[in-house]
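Trainee: quick one: sequence and predicted model below, then my questions.
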Amino acid sequence: MAGVESTQPAQVEISNTGNVLSEGYDKKCIFCRIVNNEMGTELIHCDKELACFRDIKPAAPHHYLVVPIKHVGNCKSLSNRHVPLVKRMVETGKEILQKNNVTDLSDVRFGFHWPPFCSVTHLHLHVLAPVSQLGFMSRLFYRLNSYWFITVSPLFFICPVL
């Protein structure tokens with residue numbers, strides 16, 4: 001968003017497992033293509049399960065997306081079997097923030113855009129910090145538990161399958 005100062009992320013060790021194009025890859029999905037290094041996007045973190053990169057339209061100085069390597073639909077497609085995945089996504093987001101010297105986790109927001117308000121249907125966790133520096137429009141787009149954005153904690157109570 002306009003007026004947000006760009007903050008270069010600290011590099012995190014990347015241990016991409018190589019060929020992840022097999023099961024769980026959707027060639028039409030932009031995030032599947034990003035995590036498979038087809039788009040030239042810098043991956044801040046990549047392991048056998050998750051990848052992290054900067055949002056192309058950052059709403060805060062630190063605005064990262066944590067995505068599963070294997071294609072998973074949006075947050076409405078989650079079930080109780082995805083709880084460990086979502087927890088690992090949040091932990092990865094916290095690690096990325098800490099490696100980028102964000103220590104005040106009370107000024108951080110972790111959440112998902114609620115369909116139909118997500119532009120990419122590959123599950124992606126928004127990691128925003130500091131929330132106190134969100135601009136006017138970003139405060140609307142990433143408002144706590146609105147019709148279009150839901151934080152991780154309430155997700156476990158709103159989705160009956162989780």
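Mentor: Sure, I can see it.
Trainee: contacts only, for the nearest residue in space to V108 that is not next to it in sequence.
Mentor: For V108, ignoring the flanking residues on the chain, the nearest one in space by Cβ to Cβ, 6 or more residues apart in numbering is A129 at 4.4 Å. The way it works is simple: take the backbone N, C-alpha and C, and place the C-beta from them, glycine included. Contacts were defined as Cβ atoms under 8 Å, 6 or more residues apart in numbering; by that measure A129 touches 60-63, 97, 102, 104, 107-109.
Trainee: same for the longest strand along the chain, what does it pack against?
Mentor: Selection of the longest strand in the chain by residue count, based on DSSP state E, yields strand 62-68. Contact partners of strand 62-68 among helices and strands, from 3 or more Cβ pairs under 8 Å, 6 or more residues apart in numbering; DSSP states H and E: helix 30-35, strand 50-54, helix 83-99, strand 125-129.
Trainee: now do that strand, average pLDDT.
Mentor: Per-residue pLDDT values across strand 62-68 average out to 98.
Trainee: in its sheet, what does that strand sit against?
Mentor: In its sheet, strand 62-68 lies beside strand 50-54 (antiparallel), strand 125-129 (antiparallel), with partners assigned from DSSP bridges.
Trainee: got any ranges where the chain has weak pLDDT?
Mentor: Counting by pLDDT under 70, the chain shows low-confidence ranges at 1-23, 154-162.
Trainee: check which residues of stretch 65-78 are buried.
Mentor: By neighbour count on 16 or more other Cβ atoms under 10 Å, the buried set for stretch 65-78 is 65-72, 74-75, 78.
Trainee: first-to-last residue distance for that stretch?
Mentor: The distance separating the two terminal residues of stretch 65-78, taken as Cα to Cα, to the nearest Å, comes to 17 Å.
Trainee: out of the strands paired with strand 62-68, flag the one nearest F141.
Mentor: Comparing those against F141 with Cβ to Cβ, the closest turns out to be strand 125-129 (9.4 Å).
Trainee: picking that back up, identify the bridge partners of the residue nearest to V108.
Mentor: Applying DSSP bridges to A129 yields these beta-bridge partners: H62.
Trainee: determine how far the last residue of stretch 66-82 lies from the first.
Mentor: Counting by Cα to Cα, the terminal residues of stretch 66-82 are separated by 14 Å.
Trainee: before I go, just wanted to say thanks for your time.
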